[in-house]
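> Here's a sequence, model it:
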Amino acid sequence: MNAFDCPGSVHPPRKRSRASNKPAKSAMPAVVGGKLSVPRSLNEPSVRRYSATTFWDLNKRDLERDPKESLRTLLHRVKEGPPILLYDAVERGVPTDIVLLYAAAFGNTAASVMSLIGVPETTFRRKEEAKESLPEVAGHRMMGFLRIFATLQRLIEDGGNEMSADFDLEAWVSQWLGDPLPELGGRSPADMLRNPEGQRAVEELLERMRGGLPG
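Next up, the predicted model:
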């Protein structure tokens, strides 16, 4: 019990919202049904604070220490960001660091990711040394891979499939992207992500897979 709970004490006026004239709600964790409920605003970073100029910014130390967690931070921005933000972020240029992050998180070589997005290693290294963005086509393909990964995450969450602690989502996605699928005419999802039409085909396939994803 605090001072404001004592009998006869004067309670301070509660802060009210001008728009609704209702008491302002505090985004604090609460115990609901014996379980701790963490508001989304506290559990996940807000996308609204990112713009096209800062969309790709990630903590360098975190990139080296935990690339999977850094990738998930980026995927959250992709998943929650409006299409215009994703478009502007790609148009401003995708940093070469994102290729290295993607490779480290998936346990792939940087060269294999370069091949996936269609950029020669010599071109990549030149861009990396000059601190320039990926070529435009490669940048759009990189965003395509991130969008597919984010879509897979969303479908798993929306389907009520909570991922077990030992489930390696990155490893599963990496294998799924490289497997030829009859629904794609024997092509792999990675092959299809080379152009916008192929990306749409993969996204449509994922929607049809709803409910059949691992957890």
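> Help me confirm that S115 is found in a helix?
Yes: assessed with DSSP: H, G, I helix; E, B strand; the rest coil, S115 lies in a helix.
> ok, the residue nearest the centre of the chain - contacts?
What sits nearest the mean C-alpha location of the chain, by Cα atoms, centre = their mean, is L75, with 1.0 Å. Residues near L75 by Cβ atoms under 8 Å, 6 or more residues apart in numbering: L146, F149, A150, Q153. Backbone N, C-alpha and C define where each C-beta goes, glycine included.
> By neighbour count, which of these wins?
The residue in the contacts of L75 with the most neighbours, by other Cβ atoms under 10 Å, is F149 (25 neighbours).
> what's that residue sitting at in phi/psi?
The phi/psi pair for F149 (degrees, to the nearest 10) reads phi -60, psi -40.
> What of S133?
phi -70, psi 170.
> That one contacts E91, doesn't it?
No: the criterion here is Cβ atoms under 8 Å, and S133 misses it with E91 at 10.0 Å.
> Name the helix or strand for the closest residue in space to N108 that isn't next to it in sequence, please.
Closest residue to N108 apart from its sequence neighbours, by Cβ to Cβ, 6 or more residues apart in numbering: S174 at 6.8 Å. Using DSSP states H and E, S174 maps to helix 169-178.
> hmm, who's touching that helix?
Residues outside helix 169-178 that contact it (Cβ under 8 Å, 6+ apart): 68, 71, 105-108, 145, 148-149, 152-153, 156, 163, 188-190, 193, 214.
> which of those are buried?
Among the contacts of helix 169-178, the ones that count as buried by 16 or more other Cβ atoms under 10 Å are 71, 105-106, 108, 145, 148-149, 152-153, 156, 188-190, 193.
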